[in-house]
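With the sequence up front, the predicted model follows.
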Amino acid sequence: MPWTRDQMAERAAQELQDGFYVNLGIGIPTLVSNYIPKGMTVQLQSENGMLGTGPFPYEGDEDPDLINAGKQTVTELPTTSYFNSADSFAMIRGGHINIAILGAMQVAENGDIANWMIPGKLVKGMGGAMDLVGGVKKVVVVMEHSAKGESKLLHRCNLPLTGANVIDMVITDLGVFTIDRAGDGGLTLVELAPDVTLDDIKKNTQASYKVANTLKKH
Amino acid sequence: MNKVYADATSALAGLLKDGMTIMAGGFGLCGIPEVLISAIRDSGVKNLTVVSNNCGTDGKGLGLLLDTRQIKKMISSYVGENKTFMNQYLAGELEIEFNPQGTLAERIRAGGAGIPAFFTKTGLGTLIAEGKPVQEFDGERYVMERGLVADLSIVHAWLGDTEGNLVYRKTARNFNPPMATAGKVTVVEVEKLVEPGQIDPDHIMTPGIFVQRIISVPNAVKHIEQRTVRKRA
């Protein structure tokens, strides 16, 4: 069985480490906050100006002055701090955030990512995505392996890029890949979701990839 | 020197002209200077270039200036929440310049600090970098971006004194402090206006030097864009 959205989020949460400062994108990445391993403390950054983002408020406790980057009402924690947008992106662009977990439309074997525009369709803007992929130490993409029968893991992205050579890891419903973006190691399949075969990966992946010697099967 | 004005209309008197550039603080509908935006709408000033992370929602925030077609161009990072915006954009009536959110914030910070340009990795190898100088520093390539200033900045703060010293509340801070520094004139609306000495100087986030005019808006309406809650156990 391929992983569900929640199982993909749970797998992504295993990339977190105690003490990490973390930025989670909208969609499946938001679910990662439900799977932070027990005993581990991480601080979630919202790029609109908050570190230590807490859960949604109880009904009646919503505060219009307290939202996350998805414009949802949230709460503060004892560790929370607030700051302005320039300071927020100094954290992101200055390499102070340990990990960003984002969604994507396409990822290429060289670490390129496209997730902000489809030419000819309505363009809403990139928000903070270009800054996150350009500045955060480790960038993990969580996405469906294919959309409408087409692989999203490609030799080269054919949509306009959000960032070039910036992605370190891709978690899909079928498995986990690493990308050696600093060297020339390319894309490597390192884990298979339960009951997914190497043949399933081959059929659904346009990108060139190696299979790790230490391939982990769930 | 009195910086305090009776209302938004008098605070904006003499500052508005067609074709000008205005920076407006806020993220979504959080921390927006909506009383000042309403007064700009009522003034009828047009062909505005507006620098703001978003463009409000239908009929709220900067959406008020879309309904009256007073905006010619937006410089923003994300405009997805506004049908009027999309209709005017698709009809060719409205220009949009997308900036990555961090590049937008840094352009404003730089503009306010007298820095005409800077280099960043953000956008390297993307459409955003097209036509911009790229330079290598310490073996890495960076894109040049320009500092940004405006004819007028409009800002929303929680607390302010009559000197223009400001304190913001929670995530309503967002783009307001950098924009306060980058306006040739900065007009601020504050929810609570107090006398000098009533704010601990250690707690002031925007020093009054950046603020020329200030109004009190004790009854400003605040909007929630995405009301998300959890059930009580």
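Looks like it arrived, so ask away.

Could you measure from the residue of chain A most remote from its centre over to B:E191?
No residue in chain A has its C-alpha farther from the mean C-alpha position than A:G60, which lies at 31.4 Å (Cα atoms, centre = their mean). Distance from A:G60 to B:E191, counting by Cβ to Cβ, to the nearest Å: 21 Å. No exception for glycine: its C-beta is placed from N, CA and C like everyone else's.

What segments of chain A are helices?
Under the criterion DSSP state H, chain A carries helices at the ranges A:5-13, A:28-31, A:85-93, A:129-135, A:198-204.

Apologies, that question was intended for chain B.
Counting by DSSP H, chain B has helices at residues B:8-12, B:34-43, B:63-67, B:83-90, B:101-112, B:176-182.

Which one of the ones you listed lies nearest to chain A?
For the helices of chain B, the distance to chain A is smallest for helix B:101-112, at 3.1 Å, taking Cβ to the nearest Cβ.

Is that closest one positioned near chain A?
Yes - using Cβ under 8 Å from any Cβ of the partner chain, helix B:101-112 reaches chain A at B:Q101, B:G102, B:T103, B:L104, B:A105, B:E106, B:I108, B:R109.

who touches residue 63 in this structure?
No chain was given, so I picked chain A. If you count contacts by Cβ atoms under 8 Å, 6 or more residues apart in numbering or on different chains, A:D63 has them with A:P57, A:T73, B:K170.

Switch to chain B, please.
So B:G63 contacts B:C55, B:G56, B:T57, B:N82, B:T84, B:F85 (Cβ under 8 Å, 6+ apart).

Could you give me the ChimeraX syntax to select whichever of those residues are buried?
Below is the selection syntax for ChimeraX that covers the buried ones among the contacts of B:G63, with 16 or more other Cβ atoms under 10 Å in any protein chain shown defining burial:
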select /B:55,56,57,82,84,85
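
any idea which of the contacts of B:G63 is the one closest to A:G163?
Sorting the contacts of B:G63 by how near they are to A:G163, with Cβ to Cβ, puts B:C55 at the top with 24.7 Å.

And the closest one, how far from B:I32?
11 Å.

hey, what's in contact with both of those two?
Shared contacts of B:C55 and B:I32, defined by Cβ under 8 Å, 6+ apart, comprise B:G61, B:L62.

ok, back up a step: any chance of a markdown table for the contacts of A:D63, columns pLDDT, distance to B:R230 and neighbour count?
Putting the contacts of A:D63 into a markdown table (pLDDT from 0 to 100; distance: Cβ to Cβ, whole Å; neighbours: other Cβ atoms under 10 Å in any protein chain shown) gives the following:
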| residue | pLDDT | distance to B:R230 | neighbour count |
| --- | --- | --- | --- |
| A:P57 | 97 | 7 | 19 |
| A:T73 | 97 | 10 | 21 |
| B:K170 | 98 | 19 | 20 |
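
For the residues you listed, give me CSV that also has distance to A:G111.
Rendered in CSV, the data for the contacts of A:D63 read as follows (distance: Cβ to Cβ, whole Å):
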residue, distance to A:G111
A:P57, 38
A:T73, 35
B:K170, 36
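
Which of those sits closest to B:G160?
Checking those against B:G160 with Cβ to Cβ, the nearest one is B:K170 at 16.1 Å.

out of the residues of helix B:101-112 next to chain A, which are buried?
Buried members of the residues of helix B:101-112 next to chain A, scored by 16+ other Cβ under 10 Å, are B:Q101, B:G102, B:T103, B:L104, B:A105, B:E106, B:I108, B:R109.

residues touching the third one, list them.
Just to be clear, that refers to B:T103. The contact partners of B:T103, taken as Cβ under 8 Å, 6+ apart, are A:M130, A:D131, B:T120, B:T122, B:G123, B:I128, B:E145.

Quick one: which of the residues you listed is the most crowded by neighbours?
By neighbour count, taken as other Cβ atoms under 10 Å in any protein chain shown, the most surrounded of the contacts of B:T103 turns out to be A:M130 (32 neighbours).

which residues does the residue nearest to it when sequence neighbours are not counted contact?
On the basis of Cβ to Cβ, 6 or more residues apart in numbering or on different chains, the spatially nearest residue to A:M130 that is not a chain neighbour turns out to be B:P100, at 3.9 Å. Listed by Cβ under 8 Å, 6+ apart, the contact partners of B:P100 are A:M126, A:G127, A:G128, A:A129, A:M130, A:D131, B:S77, B:T122, B:G123, B:I128.

any idea how far B:P100 is from B:I128?
Shown here: B:P100 relative to B:I128, a distance of 6 Å by Cβ to Cβ.

And for A:V107?
Using Cβ to Cβ, one obtains 19 Å as the distance from A:V107 to B:I128.

OK, contacts around A:A69?
Listed by Cβ under 8 Å, 6+ apart, the contact set of A:A69 reads A:I26, A:S46, A:E47, A:N48, A:G127, A:G128.
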